[in-house]
Every structure is written in C-alpha cells, then in structure tokens.
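K.L.:
Structure of the sequence below:
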Amino acid sequence: MKRRALLGWLAVSVVLGGCGKAPRLPTIPPGKTVLAFGDSVTFGTGAAAGEDWPTLLAGLTGWQVENAGIPGDTAEASRARMPALLDAHRPAVVIIEIGGNDFLRRRSAKAVKEDVRHLVQAARASGAQVVLVAVPELSLLGLVAGNPSDAPIYQELAEEERVVIVGEVFSGILSRPELCADQIHPNAEGYRQMAAGIHHHLQKVGLAPPGGR
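P.N.:
Below is the predicted model:
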C-alpha cells in the first residue's frame, strides 16, 4: 500500500515546465555520461557514501552519473566551475540542483534566478539536455512550519529556457521528517525517493531508458 501511495505521489509531483503534456525527448541510453551538478544535497550530505541521489540514479538508469555536488556551494559561485566540468565530462545530460544556500544567505530570488539561468545556458550550449531540480525556498518560517515549497524561479526558468523541471520532489521530501537527516538534507531513504522521483519523470519524458539497467 505504501509503495502504491509513493508511486502516486511521484506521478503528480513532476512536471515539464510550461506544458500540460510532456513531449517525448530522445532517450539517453545506458553508459552515457550524465553530470549531476549541485550543492550538499547533490553531494549526499546526511547519508552514507553511495546513498546520494546521483549514485542511486546511476543504478536506476545505467548512466555514468558524475557527482559534481559541493557542500555549501551557491548558484553564484558555481558559475565558475561549470565550464571545466562540461569540458572534462562532455555529458549527454546535466541535472542542476542548486540555489538553497543562496536563499539561506538571503540573496534575492531575481539574482539567484539569473545565476541558475547562466548554468542552464552553459550546459545547453555544450550540447547537453538540461534538467532542473526545483529547490525549496529555504526560509526560517518554512523550515519551522515543516511545509517548504518550491521557489517559483525554477518553474519560471523551465518555461523561459524550455528545459525539463522536476518539481515538488525535493520540497516534498523536506516536508516529511522521517525522510530527513536535518531540516535541509534528506537521509538515505529521502535520497532514494529523490532518485526515484527524478528517474520517474525522466522516463515519462523519454529521456531515461524505459527499464533502467
């Protein structure tokens, strides 16, 4: 019963920016390189080695997922490291999850949006498909209330830049204490569900192999 409830939740928690019906994208076959670009949530803080969502996504897809998550990184600072990563790995897909530390530092949503846009455009210019993982607005009020929600800038960017967005997965996990290591990081089970949510959506739009490995 719990499994069916989880699958139902995943089915309604991922959307393609600006579209009621997701178009099919070219499938990226197993063995291809994918870059997971982000902060401590991509790195896997809060769980043991190998329990981070990029490693788990690699197991679900057969992709070679490079974990480029750096704890404490911001969208602003990360602009400088994206070009070298794109040159080094030549990824077929870049999955971007970043911005939470910017919000915690009270940077304006407008500034964060433009930094993330820069990352999206750099990744797309390299020839990669781009996927945005929406990040919650990590306000003290939202954390205390236990009801975080996606920052609107991610949906806006998905529509403006015409890229895939995975929405409400990360914020949904943070709203469930049993899936969290602390107020801003998933635990091992939370990362498992995060990987499953990303994989589910990428299958829906055709990007991920239908059956994984």
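K.L.:
And the residue nearest the centre of the protein?
P.N.:
Ranked by distance to the mean C-alpha position of the chain (CA atoms, centre = their mean), the top residue is residue 133 at 2.9 Å.
K.L.:
Mind listing the residues bridging to that one?
P.N.:
residue 166 (DSSP bridges).
K.L.:
any idea where the strands of the protein begin and end?
P.N.:
Assigned by DSSP state E, the strands in the chain fall at 15-16, 33-38, 64-69, 93-97, 129-133, 164-166.
K.L.:
Can you add mean pLDDT and distance to residue 57 and give these back as TSV?
P.N.:
From N, CA and C alone the C-beta is placed, and that goes for glycine too. Below are these laid out as TSV (pLDDT from 0 to 100; distance: least, CB to CB, whole Å):
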stretch	mean pLDDT	distance to residue 57
strand 15-16	43	18
strand 33-38	98	7
strand 64-69	98	5
strand 93-97	98	8
strand 129-133	98	11
strand 164-166	97	11
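K.L.:
Including distance to residue 58, could the ones you listed go into a markdown table?
P.N.:
Below are the strands of the chain laid out as a markdown table (distance: least, CB to CB, whole Å):
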| stretch | distance to residue 58 |
| --- | --- |
| strand 15-16 | 23 |
| strand 33-38 | 8 |
| strand 64-69 | 4 |
| strand 93-97 | 11 |
| strand 129-133 | 15 |
| strand 164-166 | 16 |
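K.L.:
Residue 181: which of those is closest?
P.N.:
strand 64-69 (14.8 Å; CB to CB).
K.L.:
So what touches that closest one?
P.N.:
By CB atoms under 8 Å, 6 or more residues apart in numbering, the residues outside strand 64-69 that reach it are 31-44, 52, 54-55, 57-58, 81, 85, 89, 91, 97.
K.L.:
mind listing what it pairs with, with the direction of each?
P.N.:
Short version: by DSSP bridges, strand 64-69 pairs with strand 33-38 (parallel).
K.L.:
Any buried residues in the partner strand, and which?
P.N.:
By neighbour count with 16 or more other CB atoms under 10 Å, strand 33-38 contains the buried residues 33, 34, 35, 36, 37, 38.
K.L.:
Identify all contacting residues around it.
P.N.:
Contact with strand 33-38 is made by 28, 42, 53-54, 57-58, 61, 63-70, 73, 78, 82, 85-86, 89-98, 119, 123, 128, 133, as judged by CB under 8 Å, 6+ apart.
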